[in-house]
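Engineer: The following comprises the amino acid sequence and a computationally predicted model.
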Amino acid sequence: MKKSVITSAVALAVGLGTIFGGVSVKTEAASLSSLKGEQNKIHDKRTNIQSGINQANDKINTLKSQQADVKSEMKRLDFAIEDTTTKIDDKSKKIKDTKAEVTKLQAETKVIKERINKRNVLLKDRARSYQENGGMVNYLDVLMGSTSFSDFIDRANAVATIVQADQDIIKQHEADKQELAQKQAKVEKDLASLEKMLADLKTMNQQLNVQKKEKDKMLASLKDQEEEVHEGMMELQEEEQILAAQEAAIKQAIQMEKEAQAKAAEEAKRRTTSSNNGNDSGSQSNTTPNVSSGVWTQPTTGYRSSGFGGRGDGNHYGVDIANGTKVPIVAAANGVVIRSYYSSTYGNCIFVSHSINGQVYTTVYAHMTQRYVGSGARVKKGQKIGLMGNTGASRGQHLHFELHKGPWTQDKRYAINPVGIVPLP
């Protein structure tokens, strides 16, 4: 809701029919001084509010910059997650291939083990023969049993071949065992390395996703803060607009007060010059309906359904007047309409500013079904301004009426109990 402050001046009251005849120049001067004081106060408030709006703008820009940084970081995390996921897929494939290699190696190992077992049998036979011959093979008998030199050479070559064959068997046996051990070690090492890399990548991926979720939360929080600051800034802008309307109304009142003083001085001079015929024509006719005596009149008819002050759903800054039929709502005093609009809480509402003996008052008329006057209109006491209704945050047809001794503000700091001041049902 906007902050509403309405002002009309003593001079405005003259223009609307308030009787100023008999008001002394001293009283008029005091009223003018009071209006100027109110004008200065409102100007200072507008300056402070504008400062608040500027601060809110700066805060919004900062929050947007922070959001941009978070979005950039989230983009980086998305790329990192995508890259890590690709690496996980790649390592998973390599592990699958390595496991297939392990399966293949197991088949090769079986063949190598069979060769080793066969050699073991052969070597055992050799060893057994060696043992049975007294720890040495009777190669000498083989050589001495030759029938000729040529046979001796052949036997010698055969013996050398047998001895070399035994050595080759042993060497191949050792080579096969070493090859098997190396292949097993390599595959096991590769598999362990891949599984560790995969585990590390999965951990990294989980951490990146956790960071992404944290950034999501941070971005949501920054957006909430921006929305909150933006709403606060809109309220300040509304209040500034209402204060601007109030200041304009006071300027108008000051001008009218000056004109009224000049007119009063001119009338006094005229009375002096025409005193011989005893004719006093200094008073104006009052065109305001004689609704009630005094400055204020009852804003509508009905019964009082809720009073001013604390109640179950919090402080109530006005009084509620209910009626079963759509009865007219009238201006409680002469004034200037500074706000006439539809609010989500007040519904159809009108804010009127009054200047009474130099004191600014603001009246609020809420939940109306219709509004008959717009912003900037001058209204007279008892003039019809709307029709009772049930719009906005309302729970039944009634008029919510507020009286503020000063401008209307969001925190309702100037709200006063109208009972005893404004005639009420």
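Structural biologist: Happy to help now that I have it.
Engineer: so what's Lys41 up against?
Structural biologist: With Cβ atoms under 8 Å, 6 or more residues apart in numbering as the criterion, no residue contacts Lys41. C-beta here means a position set from N, CA and C on the backbone, and glycine is covered the same way.
Engineer: My reading is that it is in a helix; is that accurate?
Structural biologist: Yes: Lys41 forms part of a helix when assessed by DSSP: H, G, I helix; E, B strand; the rest coil.
Engineer: and it, what pLDDT?
Structural biologist: Looking at Lys41, its pLDDT is 84.
Engineer: measure it to Ile169 for me?
Structural biologist: Relative to Ile169, Lys41 is positioned 115 Å away (Cβ to Cβ, to the nearest Å).
Engineer: Ok, Ile338 next?
Structural biologist: Ile338 is 115 Å from Ile169, by Cβ to Cβ.
Engineer: Just want to know which of those two has more residues nearby.
Structural biologist: Taking neighbours as other Cβ atoms under 10 Å, Ile338 and Ile169 compare with Ile338 leading, 29 against 16.
Engineer: Please enumerate the helices of the protein.
Structural biologist: Per DSSP state H, the chain carries helices over the ranges 10-15, 25-132, 139-144, 149-273.
Engineer: Kindly reformat those helices as JSON lines containing distance to Leu399.
Structural biologist: Converted to JSON lines, these look like this (distance: least, Cβ to Cβ, whole Å):
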{"stretch": "helix 10-15", "distance to Leu399": "23"}
{"stretch": "helix 25-132", "distance to Leu399": "27"}
{"stretch": "helix 139-144", "distance to Leu399": "134"}
{"stretch": "helix 149-273", "distance to Leu399": "21"}
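Engineer: tell me the most buried of those helices?
Structural biologist: A comparison of these by mean neighbour count, using mean count of other Cβ atoms under 10 Å, puts helix 10-15 on top with a mean of 25.
Engineer: shaky segments in the stretch 101-250 of the chain?
Structural biologist: The model of the stretch 101-250 of the chain has pLDDT under 70 over residues 123-124, 126-167, 173.
Engineer: Measure how buried Ser305 is and give me the count.
Structural biologist: Residues contacting Ser305 under the criterion other Cβ under 10 Å number 17.
Engineer: Would you check that it makes contact with Gly324?
Structural biologist: No: between Ser305 and Gly324 there is no contact under Cβ atoms under 8 Å: 11.4 Å.
Engineer: center of the chain, which residue is that?
Structural biologist: Compute the mean C-alpha point of the chain, and by Cα atoms, centre = their mean the closest residue is Asp224, 0.9 Å away.
Engineer: now it: how far from Gln67?
Structural biologist: Distance from Asp224 to Gln67, by Cβ to Cβ: 11 Å.
Engineer: Can you give me every residue that contacts Thr297?
Structural biologist: Counting by Cβ under 8 Å, 6+ apart, Thr297 touches Val291, Val330, Ala332, Ala333, Lys381, Gly382, Val422, Pro423.
Engineer: By neighbours, which of those residues wins?
Structural biologist: Ranked by the number of neighbours (other Cβ under 10 Å), these place Ala332 first, at 30 neighbours.
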